[in-house]
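Visitor: Turn this into a model:
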Amino acid sequence: MSIIETLLIASCFTLGYIIFRGTNDQKAQFKKNPNKPIWGKKPETIDSPAGRKLLVSGWWGIARKINYLGDILIAISMTAASGYTFVVPHLYPIYLTLLLIDRARRDNARCQVKHKEAWTEYCNR
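Guide: Numbers count the residues shown, from 1 in each chain. Next comes the predicted model:
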């Protein structure tokens, strides 16, 4: 493996880790203290009829389920490090992507029922 390939794989892993940890930490911090600044600004939210606040700033203002992107980038980088001689290791990121797409669809349907029009507004952002 060349130094450029190694750097690309390491960069992919690092980006995935930053996204994964950043998104999950941001969500956890918001649940602990919904008034804590996110990226130096007051969190932007949508009030849900379920009595919850939907976070629409920071990572969660960029995309829904953005934490899944971090998962997928980590999986791709780990299997890329195994080389390209065998196809079997590369089935994992494919499987993970399909699993997360299905989970996102199920979560979307559940959240639509739970949060009603607030979820529609959230999705339209």
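Visitor: can you pull out the strands in the chain?
Guide: When secondary structure is read from DSSP state E, the chain shows strands at 45-47, 53-55.
Visitor: Can you tell me what sits against the last one?
Guide: For strand 53-55, the surrounding residues in contact (Cβ atoms under 8 Å, 6 or more residues apart in numbering) are 26-27, 30, 34, 38, 43-48, 61, 115, 118-119, 122. To be clear about C-beta, it is placed using only N, CA and C from the backbone, and glycine gets the same treatment.
Visitor: list the contacts for the most centrally placed residue in the chain?
Guide: Central residue of the chain (Cα atoms, centre = their mean): N67, 1.4 Å from the mean position. Taking Cβ under 8 Å, 6+ apart as the contact definition, N67 lies against 19-20, 23-24, 27, 59.
Visitor: and if you look at I66?
Guide: Applying Cβ under 8 Å, 6+ apart, the residues contacting I66 are 19, 23, 59-60.
Visitor: please redo it, this time with the cut-off set to 10 Å
Guide: Taking Cβ atoms under 10 Å, 6 or more residues apart in numbering, we find I66 in contact with 19-20, 22-23, 26, 58-60.
Visitor: H115 versus that one, what's the distance?
Guide: The spacing between I66 and H115, counted by Cβ to Cβ, to the nearest Å, is 18 Å.
Visitor: go on, R106?
Guide: On the measure of Cβ to Cβ, R106 and H115 end up 15 Å apart.
Visitor: Just want to know which of these two has more residues nearby.
Guide: Legend: neighbour count by other Cβ atoms under 10 Å for R106 and H115, higher for H115 (21 against 10).
Visitor: got a list of what the more buried one touches?
Guide: Taking Cβ under 10 Å, 6+ apart, we find H115 in contact with 46-52, 54, 121-123.
Visitor: Can you give me the pLDDT of it?
Guide: On pLDDT, H115 comes in at 93.
Visitor: same question, L8
Guide: Here, the pLDDT recorded for L8 equals 95.
Visitor: now swap in F86 and tell me
Guide: With respect to pLDDT, F86 scores 84.
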